[in-house]
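[1] structure for the following, please:
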Amino acid sequence: DGMGNYMDEDYHECATRWNIKRPCEVRLLEQQGTVRYDSARLWNLIHHGSWPMGIGMAYASIAQYLGFGSLGSGKVMGLAPYGKEDENIKPFVLDNGMVNSKLFYRTEDGANFIPYDYLPEKWDYRVWDNNTQKIANLTYRLQKDFEKWMTDFILRCESKNIVLTGGCALNVSANGKIRNLNNIDEIIIPPAPHDAGCAIGAAICSIKKEINFERIRSPYLGRNFSQEEIFRELLNYCKTKPIRLKESLILEKTVNFLIKGKLIAWFQGGAEFGPRALGSRSFLADPRNDEIRDEINQKIKKRELFRPFAPSTLNTVSSDFFNIDQESPYMNIVANVKTKNIPAVTHIDKTARVHTISKNMHKRYYKLIEHFGKITGIPVLLNTSFNVQEPIVYSPKDAIHTFVNSKVDILVIGDFLITREDIK
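    Residues are numbered from 1 along each chain as shown. Prediction:
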């Protein structure tokens, strides 16, 4: 992929098997950093020779330069729509399709961006001035060049059904552009296309017996804690013995709190595998309330204000609210928003990172959105990861601890609904 990861020819078959239900052709990208070398030769190239600069590596380098860290490419993508065309910003991709290597220098860990005079030495996204606009313009050009590079490559493929893997497949804005190409019927992206997904691929390649691929396609591969385990953990935090509720009452109470503008910490089923919260470990809110975004940032997330929040919606009605005609079960496709009724999940460019949920994928989360839709007419929820400047919660203990130390209003964990008043 564009980060310089490579796949040996012996493993082509593994790449075709993950989520493919029809014959397909596997094409390896042999430029922009993807090279088919063994590890010893690759090491020598990095340290003693030249190695092509990948578009993904360029993206990560800009994230590092802007202070977002090497894993902050998502922040760059969120800032890009605030930018605009600027003739003073140098192109990241040259006319020959290669990354402009003059903008970077290689290091043992990857590459670093070389800033030039036009770019400010300091900037602060909390103060939108000329310096901030220049930085936004830089990210705008990077995203534009990234999308053109990706779409140009896809257009050279003859297949109408595209599978994307590698860290670059986490660029949901580019994925949306690819999906909208006239010759594309469907794009398929696993829940963890980046390096974390290598664990699944390595297991598939090493296991000799028959593999349950339907199970692997589920993003909810983490442990599913029992109601008894949840109950015992709650006893350590609650003033009184927590009461287990029927599912219908859980859904009714949760929806009523959402409509009242409350923030919900939602812990249900097995934890998600991959970088997205998909309804098992999520903070939820009413997307009709535009002010809820600032409240979430002030109370819990404390992140950059230019980063959008994503919507979850039912797979049966997603096209009513978003310009998307396929499922997006792993929240990895950006689409245009069709309605003005969900401002809290609509980015500045009128798009959203859509998550579609099916009844088979997560029954309780599906029922919650369905019930919210019956009451409000909008079967869409704001969904962001259940964490506060930390990894996404995994266990009941993690969830309760984060809830107690945050300003979230309600915790819905398994069959229990806990308010802040219930905590010791």
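
[2] only C-alpha atoms for contact and neighbour calcs from this point on.
    OK.

[3] tell me the centre residue of the chain?
    Nearest to the geometric centre of the chain sits Arg276, at 4.6 Å (C-alpha atoms, centre = their mean).

[4] OK, contacts around that residue?
    Contact partners of Arg276, counting by C-alpha atoms under 8 Å, 6 or more residues apart in numbering, are Pro191, Tyr330, Met331, Ser385.

[5] so which pair among those residues is furthest apart in space?
    Pro191 and Ser385 (14.6 Å; C-alpha to C-alpha).

[6] out of the two, which sits in the busier spot?
    Legend: neighbour count by other C-alpha atoms under 10 Å for Pro191 and Ser385, higher for Pro191 (26 against 23).

[7] helix, strand or coil for the nearest residue to Lys299 once chain neighbours are set aside?
    Of all residues not flanking Lys299 in the chain, Lys407 sits nearest, at 5.4 Å (C-alpha to C-alpha, 6 or more residues apart in numbering). The assignment at Lys407 comes out as coil when based on DSSP: H, G, I helix; E, B strand; the rest coil.

[8] repeat for Asn383
    Under three-state DSSP, Asn383 comes out as strand.

[9] and the pLDDT for it?
    Asn383 carries a pLDDT value of 98.

[10] what is the neighbour count of it?
    26.

[11] return the residues in contact with it.
    Ala277, Leu278, Gly279, Ser282, Phe283, Leu284, Ala285, Phe309, Ala310, Pro311, Ser312.

[12] and the residues you listed, which of them are in strands?
    Ser282, Phe283, Leu284, Ala285, Ala310, Pro311, Ser312 (DSSP state E).

[13] so which residues of this structure form strands?
    So, for the chain - with DSSP E - the strands run 104-107, 110-113, 161-163, 186-188, 264-267, 281-285, 310-314, 333-336, 351-357, 380-385, 410-413, 416-419.

[14] got CSV for those, with distance to Pro242 too?
    Shown next, in CSV, are those (distance: least, C-alpha to C-alpha, whole Å):
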stretch, distance to Pro242
strand 104-107, 55
strand 110-113, 51
strand 161-163, 46
strand 186-188, 42
strand 264-267, 16
strand 281-285, 20
strand 310-314, 29
strand 333-336, 39
strand 351-357, 30
strand 380-385, 25
strand 410-413, 11
strand 416-419, 7
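
[15] looking at the ones you listed, which is closest to Phe213?
    Judging the strands of the chain by C-alpha to C-alpha, what sits closest to Phe213 is strand 186-188, at 14.7 Å.

[16] what's the burial count for the closest residue to Tyr140 other than its chain neighbours?
    In space, and not counting its chain neighbours, Tyr140 is closest to Ala80: 4.2 Å by C-alpha to C-alpha, 6+ apart. Ala80: 22 surrounding residues under other C-alpha under 10 Å.

[17] equivalent analysis for the one 5 residues further on, please.
    By the criterion of other C-alpha under 10 Å, Glu85 has 12 neighbours.

[18] backbone dihedrals for it, both of them.
    Per-residue torsions, Glu85: phi -60, psi 140 (degrees, to the nearest 10).

[19] looks like it contacts Thr139 (just checking).
    No: checked against C-alpha atoms under 8 Å, the pair Glu85 and Thr139 is beyond contact range at 10.4 Å.

[20] now for Tyr118: which residues touch it?
    Going by C-alpha under 8 Å, 6+ apart, the list of residues near Tyr118 reads Asn88, Ile89.

[21] phi, psi for Lys359 please.
    phi -60, psi -30.

[22] so what's Ile184 closest to, chain neighbours aside?
    That would be Lys160: by C-alpha to C-alpha, 6+ apart, it lies 4.4 Å from Ile184.

[23] so that neighbour touches Ile188, yeah?
    No: Lys160 lies out of contact with Ile188 (C-alpha under 8 Å); the separation is 11.1 Å.

[24] pull up the overlap in contacts between these two.
    With the criterion set as C-alpha under 8 Å, 6+ apart, the contacts of Lys160 and Ile188 do not overlap.

[25] which one's more surrounded, the two?
    Ile188 (22 against 16).

[26] good, we can wrap up now.
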